[in-house]
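Trainee: what's the 3D shape of this:
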Amino acid sequence: MSLHKILKIIVGLLSVVGFILVLMIMSGNDGMIDNMLYVTYVVLALILVLVLVYVIKGLFAGDIKKTLLSVGAFLVILVISYAMSSGTDLDLTPFTSKGADVTEATSKYVGAGLYAFYALTIIAIGSMAFSGIKNLFNK
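Mentor: Predicted structure coming up:
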């Protein structure tokens, strides 16, 4: 039996269980909401496992060298972004006075995330522009 057939059976069973739980919730049984959440957690876990399986399968089926270079470049961008972020460029007293647990480390992580977002956006726009210009000259 192929993986595709097994997944179709699992999806069918989860659909039936979900439909039954929805009917029970609609009938006014509030205790069923917890059961619906458990079904949601199971479906989420299945999706995550299947995504990991197919990603790992795709890694070994394709060119792993290019994949590792891409992951390495992404990690380099994250490290550079973290190094660029100071974490002290924000006055934390308005946050701490309201009871928010914001520290310099939190500020540094947010700054690093913003720098990484900006860098990845610039790289994405640059690669799209380069590809478009390259296609114009190749025609």
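Trainee: just want the most central residue of the chain.
Mentor: Centroid-nearest residue in the chain: Leu48, 10.4 Å away (criterion: Cα atoms, centre = their mean).
Trainee: is it in a helix, a strand, or coil?
Mentor: Of the three states, Leu48 takes helix according to DSSP: H, G, I helix; E, B strand; the rest coil.
Trainee: what pLDDT is listed against it?
Mentor: Leu48 carries a pLDDT score of 87 in this model.
Trainee: same thing with Ile33?
Mentor: According to the predicted model, the pLDDT of Ile33 comes to 69.
Trainee: before we move on, what about Ile77?
Mentor: As predicted, Ile77 sits at a pLDDT of 96.
Trainee: beyond the helix or strand harbouring it, next helix or strand please.
Mentor: Following DSSP states H and E, the helix or strand that holds Ile77 is helix 64-84. Toward the C-terminal end, the helix or strand that comes next after helix 64-84 (DSSP H and E) is helix 93-97.
Trainee: helix or strand right after that following helix?
Mentor: Remark: after helix 93-97, the chain's next helix or strand is helix 104-138, criterion DSSP H and E.
Trainee: quick one: buried residues of the lowest-mean-pLDDT helix or strand in the chain?
Mentor: When each helix and strand of the chain is scored by mean pLDDT, DSSP states H and E, helix 93-97 comes last, with a mean of 75. With burial defined by 16 or more other Cβ atoms under 10 Å, not one residue of helix 93-97 is counted as buried. Yep, even glycine has a C-beta here, placed from its N, CA and C like the rest.
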